[in-house]
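> The following block contains a protein sequence and its predicted model.
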Protein chains: 2
Amino acid sequence: MDIAEVLRKNGYKVTPQRLAVFSAIDHNMTHPNAEAIYRTLQPRYPSMSLATIYKTMEIFAKIGVVQVLQCEEDAHRYDFNTHPHAHIRCVRCNNVVDVDMDQDALFKLAADQTGFRVDTVGISFTGICPECQKKE
Amino acid sequence: MDIAEVLRKNGYKVTPQRLAVFSAIDHNMTHPNAEAIYRTLQPRYPSMSLATIYKTMEIFAKIGVVQVLQCEEDAHRYDFNTHPHAHIRCVRCNNVVDVDMDQDALFKLAADQTGFRVDTVGISFTGICPECQKKE
DNA sequence: TTTTATGCAAACCGTTTGCAGGACA
DNA sequence: TGTCCTGCAAACGGTTTGCATAAAA
């Protein structure tokens, strides 16, 4: 299912800006933040505003096109991979990499221990990536 | 070891403000943010500024007196419990509760999978607490 | 007396919002 | 045509910073 169809199906209009933002994040493994997406699109869409990026990403998150990450950083990062998984960020180069992880066991542990009905879990590691380890 | 001693041992001066901030967080299970600490101390220390709270908490975090949490919220929260553990926040009442969890297995998983040297992990759940479930 | 801390106000930075003009359907 | 979207600029909220004054050692 392509993005135009998903937007329409959810009652949102299809605009060049939305298609452009999607093209910037689709299969993008760098987990960009709004600023990075903005810079990526700047050359080809010089009139696009940061506010539009934010508004678009909010919609994309709502309709399940992206996942919003909190990487113990100041800014949000976005992930086109909406399958539940963890992330690890290199504190030297700030690159973020996916970590596959079965979260069901964690959900159960938290629920059993606290009595909460558990909705979501965010797991973010920090460390030093292989490349930056070599440079040391 | 009391807080005055810890401060001195790390080269920081002991001031009434620092002792007051410590008293506000010591064995405080509510995981307060800076604003909440500020309001707590306001009656007894009306002249204390938010900036002092922030500066103090930064020192406390650096010398291992508190742990800084990122609860998928806007603001930082502080925890006097510096033992590694997870947190769960109720999306209705915003209360945050500790979750005991063995993090060594997660460290190993992330390291094996990514080649990172893993330093830290933050695990934050969201859900509905028992009290708010009853109200539904 | 020297050094560090405090409190104020202003700056910061990522994000959100209001709104007039423009684009989609 | 009616509704939704865009881009701008201003607002926002948590946090940080610079600096003059005050307090600790």
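Thanks, I have it.
> Look at residue A:121 and give its secondary structure.
Here residue A:121 is strand, with the state taken from DSSP: H, G, I helix; E, B strand; the rest coil.
> What is the burial count for it?
Other residues near residue A:121 come to 21 when the count uses other CB atoms under 10 Å in any protein chain shown. C-beta coordinates here come from the backbone N, C-alpha and C atoms, glycine included.
> got it, and residue A:8?
Residues near residue A:8, counting by other CB under 10 Å: 11.
> next structured bit after the longest helix anywhere in chain A?
If you go by DSSP state H, chain A has its longest helix at helix A:50-62. Downstream of helix A:50-62, the first helix or strand assigned by DSSP states H and E is strand A:67-69.
> name the helices or strands packed onto the helix or strand just after that next one?
Using DSSP H and E, the helix or strand that follows strand A:67-69 towards the C-terminus is strand A:77-79. Using 3 or more CB pairs under 8 Å, 6 or more residues apart in numbering or on different chains; DSSP states H and E, the elements in contact with strand A:77-79 are helix A:50-62, strand A:67-69.
> want to throw those into TSV with mean pLDDT, mean neighbour count and distance to residue A:15?
TSV is the format used below for the helices and strands packed on strand A:77-79 (pLDDT from 0 to 100; neighbours: other CB atoms under 10 Å in any protein chain shown; distance: least, CB to CB, whole Å):
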stretch	mean pLDDT	mean neighbour count	distance to residue A:15
helix A:50-62	98	17	9
strand A:67-69	94	18	21
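> can you tell if the longest helix of chain A touches chain B?
No - on the criterion CB under 8 Å from any CB of the partner chain, helix A:50-62 is out of touch with chain B, staying 12.9 Å away.
> Kindly report the same for stretch A:125-136.
Yes - residues of stretch A:125-136 contacting chain B under CB under 8 Å from any CB: A:125, A:126, A:127, A:128, A:129, A:130, A:133.
> Closest to residue B:55 out of those residues?
Checking these against residue B:55 with CB to CB, the nearest one is residue A:126 at 23.5 Å.
> Report whether stretch A:82-101 contacts DNA strand C.
No - Stretch A:82-101 stays clear of DNA strand C (CB under 7 Å from any atom of the strand), getting no nearer than 11.6 Å.
> can you list the domain ranges for chain A.
A:3-79, A:86-134 (automatic domain parsing).
> got JSON lines for these, with distance to residue B:56 too?
Rendered in JSON lines, the data for the domains of chain A read as follows (distance: least, CB to CB, whole Å):
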{"stretch": "domain A:3-79", "distance to residue B:56": "21"}
{"stretch": "domain A:86-134", "distance to residue B:56": "24"}
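> deepest of those domains, which one?
Comparing the domains of chain A by mean neighbour count (mean count of other CB atoms under 10 Å in any protein chain shown), domain A:86-134 ranks first with a mean of 18.
> end to end, how far does that domain reach?
End-to-end distance for domain A:86-134: 24 Å, by CA to CA, to the nearest Å.
> Which parts of chain A are helices?
Counting by DSSP H, the helices of chain A are A:3-9, A:16-25, A:34-41, A:50-62, A:104-114, A:130-134.
> Against residue B:9, how distant is the residue minimising distance to the centre of chain A?
The centre of chain A sits closest to residue A:78, judged by CA atoms, centre = their mean, with a distance of 1.9 Å. Shown here: residue A:78 relative to residue B:9, a distance of 43 Å by CB to CB, to the nearest Å.
> Distance from stretch A:36-56 to the middle of the chain?
16 Å (CA atoms, centre = their mean, to the nearest Å).
> Contacts made by it with the rest, please.
Here stretch A:36-56 makes contact (CB atoms under 8 Å, 6 or more residues apart in numbering or on different chains) with A:16-18, A:20-21, A:24-25, A:30, A:32, A:34-35, A:57, A:78.
> What is the most widely separated pair among those?
A:16 and A:30 (22.9 Å).
> Next, the residue nearest to residue A:78 when sequence neighbours are not counted: phi, psi?
Nearest residue to residue A:78, sequence neighbours excluded (CB to CB, 6 or more residues apart in numbering or on different chains): residue A:66, at 4.7 Å. When read as degrees, to the nearest 10, the backbone of residue A:66 gives phi -140, psi 170.
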